[in-house]
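Participant: Fold the following.
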Amino acid sequence: MNASRRKSTRQFNIDDVQNAAPDFVTEFTTYEAFLDSQISDADQNYLQARLILMTRQFVELGFRGIGHALSRKDFQERKYHAELILQSRRQGPISIISDSLTVIEPFAQALASREEANRTTRLLTIIFIRDRNNVGHEISGYIDYASRLKLDDFTQFFIGQNKLVPLTTDLSFYNWDTHMSTSNDSNNFHLLPDVNGIRFRCQHDRKIVHVDPESKNYGDGTTRTCVNTDGYLQIILYDHYLRRKKF
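Facilitator: Residues are numbered from 1 along each chain as shown. Sure thing, here's the model as predicted:
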């Protein structure tokens, strides 16, 4: 066996590395400083976004914050009403048509008494009408009163010159002779088809309005009123009251 094969393997010595070049760890006074140096800009942006998200969740749950905690639903409802107030201030006083008119017909009186509340969205009324059209067909439909007030001039209706009839553009429309039917959402209500009939979800407070005539509960904050009048086959009013929070 020659001398080269008898040569022992040299053991690694950390002192050799330290003597060869200064160790990079000497650049940092603490381990935390070293860890900070390893965080890239992308990491920092990601962590900052996650931190903001977690902080928002803590505030939403009421654990942190410098003011009053508001749920997402409460914030959206409060913002909606605040924007309505600002809009009304910009537009000036809301004109109530029926105030200057002599209203006699029972159905017109019922809607006149609800006009201001629907124009200011303190109340949202769904009108169910069953009647005959000008060719004798029986028709029925659900009407978003607040929405129609913005689109139509109700003067002739209030004074008894015109009838209010359901249209294919209303929440729902059905012709019992031709079986033609339509359904639409409005700014105030979303139609929810159901095996037991029709339901509407209020777009502002997310509560459900039940219009099933067999139901004894018409929804939280909703009442049902039948209007007796000779001018129509059937009139039913579903009044949904929007709760105003005290701030």
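
Participant: what sits against L151?
Facilitator: If a contact means CB atoms under 8 Å, 6 or more residues apart in numbering, then L151 has no contacts. Quick note: C-beta positions are derived from backbone N, CA and C, even for glycine.

Participant: Please, where are all the helices along the protein?
Facilitator: Counting by DSSP state H, one finds helices in the chain at the ranges 14-20, 31-37, 41-61, 72-91, 106-112, 115-119, 145-151, 155-158.

Participant: Contacts for stretch 127-140, please.
Facilitator: With CB under 8 Å, 6+ apart, stretch 127-140 has contacts from 111, 141-143, 145, 163-166, 173-178, 211, 232-238.

Participant: what's the domain layout of this structure?
Facilitator: The chain resolves into domains spanning 14-90, 98-241 when parsed by the TED database.

Participant: For those domains, which has the smallest mean pLDDT value?
Facilitator: Mean pLDDT values for the domains of the chain show the minimum at domain 14-90, a mean of 66.

Participant: Buried only: go through the contacts of stretch 127-140 for me.
Facilitator: When these are checked for burial by 16 or more other CB atoms under 10 Å, the buried set is 111, 141-143, 145, 164-166, 173-175, 211, 232, 235-238.

Participant: before we move on, the earlier item: buried deepest among the domains of the chain, which one?
Facilitator: domain 98-241 (a mean of 16; mean count of other CB atoms under 10 Å).

Participant: For I127, which non-adjacent residue is spatially closest?
Facilitator: I143 (4.2 Å; CB to CB, 6 or more residues apart in numbering).

Participant: My read is that the one you found contacts I126, right?
Facilitator: Yes - at 7.0 Å, I143 and I126 qualify as touching, with contact defined as CB atoms under 8 Å.

Participant: and the longest strand for this protein?
Facilitator: strand 123-132 (DSSP state E).

Participant: Across the sheet, point out what pairs with the closest residue in space to W176 that isn't next to it in sequence.
Facilitator: Closest residue in space to W176, ignoring its immediate chain neighbours: E138 at 4.2 Å, by CB to CB, 6+ apart. Counting by DSSP bridges, E138 forms beta bridges with R132.

Participant: what's the span of stretch 97-115, first residue to last?
Facilitator: 8 Å (CA to CA, to the nearest Å).

Participant: And the contacts of that stretch?
Facilitator: Applying CB under 8 Å, 6+ apart, the contact partners of stretch 97-115 are 96, 123, 125, 127, 145, 149, 153-155, 157-160, 164, 225, 227-229, 231-232, 235, 237, 239.

Participant: Kindly report the same for stretch 208-215.
Facilitator: Residues from elsewhere that reach stretch 208-215 (CB under 8 Å, 6+ apart): 126, 128, 142, 189, 192, 196-202, 217-220, 222, 236, 238, 240.

Participant: what about 7 Å?
Facilitator: With CB atoms under 7 Å, 6 or more residues apart in numbering as the test, stretch 208-215 has contacts from 126, 128, 142, 196-202, 217-219, 222, 238, 240.

Participant: Closest one to D36 out of those, please.
Facilitator: Taking CB to CB as the measure, D36 lies nearest R201 of these, at 50.9 Å.

Participant: Apart from its neighbours in sequence, what residue is nearest the closest one?
Facilitator: Leaving aside its chain neighbours, R201 sits nearest to H190 (4.7 Å; criterion: CB to CB, 6+ apart).
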